[in-house]
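Trainee: Sequence first, then the predicted structure:
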Amino acid sequence: MAKKPGSNPKNEFVFLDVLYEDGSQRSNRRVPAELLGGLEKDEPARDFVIEQDREIAEKSGRAPLAIKSIVRTGAKKKLSN
């Protein structure tokens, strides 16, 4: 039976866009919200995404890609002068 809309707890996951060294991008990667925040802000997400990539690469038989940057989905980009 399907769940009712809105039955999942809010703020359980944070969605991130991951940009790789080869220029490819993966959007809406789910990371548990409990890992983020504090002094490191979103930096713990990098380790979580690297581990996800390792598992995906192992199953697909391809080498994991190097991560260039990670930003929250929908976050505004900083302007550099």
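Mentor: It's in.

Trainee: where along the protein do the strands fall?
Mentor: 13-20, 25-32, 67-72 (DSSP state E).

Trainee: Name every strand pairing with the first one and say which way it goes.
Mentor: The sheet places strand 13-20 alongside strand 25-32 (antiparallel), strand 67-72 (antiparallel), with pairing taken from DSSP bridges.

Trainee: picking up where we left off before, tell me the most buried of the strands of the chain?
Mentor: Greatest average neighbour count among the strands of the chain goes to strand 13-20 (a mean of 17), per mean count of other Cβ atoms under 10 Å. C-beta coordinates here come from the backbone N, C-alpha and C atoms, glycine included.

Trainee: How far does that strand sit from its chain's centre?
Mentor: 3 Å (Cα atoms, centre = their mean, to the nearest Å).

Trainee: ok, now stretch 54-63?
Mentor: Distance, centroid of stretch 54-63 to centroid of chain: 17 Å (Cα atoms, centre = their mean).

Trainee: same deal with stretch 37-55?
Mentor: Worked out by Cα atoms, centre = their mean, stretch 37-55 lies 7 Å from the chain centre.

Trainee: And that stretch, what's buried?
Mentor: Buried residues in stretch 37-55, counted by 16 or more other Cβ atoms under 10 Å: 42, 44-46, 48-49, 52-53.

Trainee: Mind picking the two most distant members of the residues you listed?
Mentor: 42 and 53 (16.3 Å; Cβ to Cβ).

Trainee: Wait, residue 22 touches residue 63, no?
Mentor: No. Counting by Cβ atoms under 8 Å, residue 22 stays clear of residue 63, with 11.0 Å between them.

Trainee: returning to that earlier point: pick the one among the buried residues of stretch 37-55 closest to residue 76.
Mentor: Closest to residue 76, out of all of the buried residues of stretch 37-55 and judged by Cβ to Cβ, is residue 42, at 14.3 Å.

Trainee: Understood, closing this out.
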